[in-house]
Structures are given as C-alpha cells and as structure tokens.
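coordinates only, sequence not included:
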C-alpha cells in the first residue's frame, strides 16, 4: 500500500485512492462471483446458545453450501440445564433443507474451548483441503463467503499466507485495495487450508526454545510489544489460559505467515453477553461492529505486510493506555474494556 496512506484518518474517494497507486503496480479488479450454492465447505462451531446459533445458521443457509461440517462441544456435567441447550443448538445447526453433504462431530462430554476447537477443526480438515470457519457468535455479511472463497483460491499454494479473515477493526477508510496482508490472525469468521492447519503448535511446545533464542526480539518491532506477547505465550504454554486461538496465532507467526484482512468489516460478533466464555462485556466497542460488503476485489500487487495498519491494531487493541499517555480518552476507554477481557480469560478473541 502507499507508504503515505494513513488508515486511521484517510478520507480519499475510491477513485482517488486507486489513482495514487503507480500504474505499473495496479492489478486487475476481480468481480466476486455469485452462485446458487457455495462450493467451499463450511465448518460451523456451536455450543449452548440457540438464539445465536439460529442467526448464524440462517446466514449459512442462504449460501446453501455443498458441504457443512458441524462441530459441537458437550454439556458441562455441573450444569444440568445445559444439555437441553446443547441439543437444541445441534438441532438448529443440522436443519439442512437443501442438497448438502452434512457431517457432524459432537462431543459426548465437555472438552473445553481449546480442546474442542482444535480437535474439531483437525477432524474437519481431514475431510477437506480448505474450509470457511464460523463460530456461533460470528455473524457474517453475505459477501464474506464469496470473498473467502476467492481468497482461498488465489492464495491456495502461497505458503506465505496462512489464513483469510473477515474481520476489520480499524475505522473504515477508503484504501487502494480491497484487502491487505497482516500479522494479526483475527478469527471472528475466517478460512484456511489443511496445509496451514497441519503446521499449528496448539500446545506451544516450541515456545521455550523460541523464547530462549530471542525469537520475539527479532519478530516484533518494540520492547513493549515483545513483552506483551511473551507474557501471553507464557500463560498459554503453562496452561493458565484455556483457548485455542493464541496457539493458532503463535503458529502463524512461527511460520512467518500472513493473514488476509478485508478493507471493510465483513463479520460482526453478536455474542458479547454474560453467557459467553470470553466476550462477556456487552458494552465492548468490539461488540456488534457494523459490517460492509464487497462486490469486487482490487488486489494488492505483492504479498507484503501493511505495517501501518498493523501498528494501528497494536497501539489501539493490544497495548495498555498507560504506555501511550497521549492516546485520546475514547481509545483509553476502549483499551480498558479489552484489557478486562484479556485479564479475565487471556484470550485474543477480544481482537
């Protein structure tokens, strides 16, 4: 992207943004295809919230996928009423009324977030080479599916790309392209390939050696960033955090792999409430973020990480306000909300 483009304050029109790209670097625009039935398999991860499961399933049903894989954790033994909720979610998520190869992976007992998602997605990737993945609180805009399918095809054999995300948390601004490459592995609606998932280190078994060799010091740009993620990875490795996504992001980074992020948000998280495992703050500024849509894709000319955009995410999502005293009050409030999530659960699902 243009080195002078500021994603937090840009107000260029679509035409002006495109014209700032040198002609030699411009690439063709691809129209996103419209299909009566989605060819890419969908893995749908559910648990105990029937109302949310119903809304996300309806978004999936509009795509009429040829392949649907439903992954469910089992009810917790100390919560007798949960068995009925889990059963209801399973009924909703398998109510397929179109021609579809439906497969299920239902746990009989509760495995917990980390084990269930890791084992469930491993099972799903054994069935298919690539997947679009949604959890029960991640409500996609309809164009998310065509975007994910197009990106899976375009970067299928490019080992530099580990995943496709539908999330965009930055303030919306026009950009020269409709997606960019990032180091942040946002997982509120995403897609990936078997060739990437098989490289994961879900237990962070390699972390002690990576830390000893100073890997974070070479990978991250600032000491405060390194210290933040060192503390997170220590907690995951020691079993103090029961979540799967930190291990996935660590694995992507260990492979020096990038995430494709759209220029507009395509998935909104509708699950911020007291029933959530991690996203319990209903007033979070990341709850129910508005979505846009994509009808075409202007491709960047090279697989190069957008450091400007990534720095915005670092400064406004991950790092504490106390270390950046000039940050505006609304961002300090945002940080406190996010920090509360991290301190309670240790999960990166707040970002």
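Ah, there it is. Since this is a predicted model, take the numbers as computed values, not measurements.

for residue 234, helix, strand, or coil?
Reduced to three states with DSSP: H, G, I helix; E, B strand; the rest coil, the structure at residue 234 is helix.

can you count the residues close to the spatially closest residue to residue 267 that is not a sequence neighbour?
Closest residue to residue 267 apart from its sequence neighbours, by CB to CB, 6 or more residues apart in numbering: residue 189 at 3.3 Å. C-beta: built from backbone N, CA, C; applies to glycine. Neighbours of residue 189 under the rule other CB atoms under 10 Å: 28.

residue 189 against residue 168, yeah?
No - Residue 189 lies out of contact with residue 168 (CB atoms under 8 Å); the separation is 10.8 Å.

roughly how far apart are the residue most central in space within the chain and residue 251?
Geometric centre of the chain, nearest residue: residue 187, 1.6 Å, by CA atoms, centre = their mean. Residue 187 sits 12 Å away from residue 251, going by CB to CB, to the nearest Å.

what does residue 86 give?
Using CB to CB, residue 86 is found at 29 Å from residue 251.

just the helices in this structure please.
For the chain, the helices defined by DSSP state H occupy 14-19, 50-61, 82-93, 113-127, 143-154, 194-197, 207-212, 215-219, 223-237, 245-254, 307-313, 329-345.

tell me which of those sits nearest to residue 73.
helix 113-127 (4.1 Å; CB to CB).

quick one: list the elements packing against that closest one.
Contact here means 3 or more CB pairs under 8 Å, 6 or more residues apart in numbering; DSSP states H and E; on that basis helix 113-127 packs against strand 42-46, strand 67-72, strand 101-106, strand 130-135, helix 194-197, helix 245-254.

reformat these as a markdown table; add distance to residue 211 and mean neighbour count.
Output for the helices and strands packed on helix 113-127, formatted as a markdown table (distance: least, CB to CB, whole Å; neighbours: other CB atoms under 10 Å):
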| stretch | distance to residue 211 | mean neighbour count |
| --- | --- | --- |
| strand 42-46 | 30 | 25 |
| strand 67-72 | 32 | 23 |
| strand 101-106 | 34 | 15 |
| strand 130-135 | 29 | 25 |
| helix 194-197 | 23 | 18 |
| helix 245-254 | 11 | 22 |
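
just the pLDDT at residue 58, thanks.
Looking at residue 58, its pLDDT reads 98.

meant to ask about residue 1, not that
34.

my read is that residue 150 contacts residue 31, right?
No - checked against CB under 8 Å, the pair residue 150 and residue 31 is beyond contact range at 9.5 Å.

who's more crowded, those two?
For residue 150 versus residue 31, neighbours defined as other CB under 10 Å are more numerous around residue 150 (21 against 10).

tell me where the model's unsure across this protein.
Applying pLDDT under 70 to the chain flags residues 1-27, 172-174, 271-288, 320-351.

ok, the residue nearest to the centre of the chain to residue 33 distance?
Distance from residue 187 to residue 33, by CB to CB: 25 Å.

equivalent analysis for residue 63, please.
According to CB to CB, residue 63 and residue 33 sit 12 Å apart.

the more surrounded of these two?
residue 63 (23 against 9).

show me what contacts the more buried one?
If you count contacts by CB atoms under 8 Å, 6 or more residues apart in numbering, residue 63 has them with 37-38, 42, 142, 145.

same thing but at 6 Å, please
With contact set as CB atoms under 6 Å, 6 or more residues apart in numbering, residue 63 has these partners: 38, 145.

can you lay out the helices and strands packed on helix 113-127 as CSV showing distance to residue 297?
CSV is the format used below for the helices and strands packed on helix 113-127 (distance: least, CB to CB, whole Å):
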stretch, distance to residue 297
strand 42-46, 20
strand 67-72, 24
strand 101-106, 28
strand 130-135, 16
helix 194-197, 21
helix 245-254, 22
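
which among these is found nearest to residue 266?
Residue 266 sits nearest to strand 130-135 of all those, at 11.5 Å, using CB to CB.

parallel or antiparallel, list what pairs with the closest one.
The pairing partners recorded for strand 130-135 under DSSP bridges are strand 42-46 (parallel), strand 190-193 (antiparallel).

how about TSV for those, with distance to residue 78 added?
TSV is the format used below for the strands paired with strand 130-135 (distance: least, CB to CB, whole Å):
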stretch	distance to residue 78
strand 42-46	20
strand 190-193	32
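
so which of those strands is nearest residue 237?
Going by CB to CB, the one of the strands paired with strand 130-135 nearest residue 237 is strand 190-193, 22.8 Å.

what sits up against the closest one?
130, 132-133, 148, 152, 163-165.

cool, and stretch 202-213?
If you take CB under 6 Å, 6+ apart as the criterion, stretch 202-213 is touched by 118, 233, 236-237, 247, 250.

coming back round to it: touching both of residue 189 and residue 168, which residues are there?
With CB under 6 Å, 6+ apart, residue 189 and residue 168 have no common neighbours.

returning to what we had before: nearest to residue 175, out of the helices of the chain?
Closest to residue 175 of these is helix 14-19 (CB to CB; 5.9 Å).

which residues does the closest residue to residue 60 other than its chain neighbours contact?
Of all residues not flanking residue 60 in the chain, residue 42 sits nearest, at 5.9 Å (CB to CB, 6+ apart). Listed by CB under 6 Å, 6+ apart, the contact set of residue 42 reads 60, 65, 68, 132.
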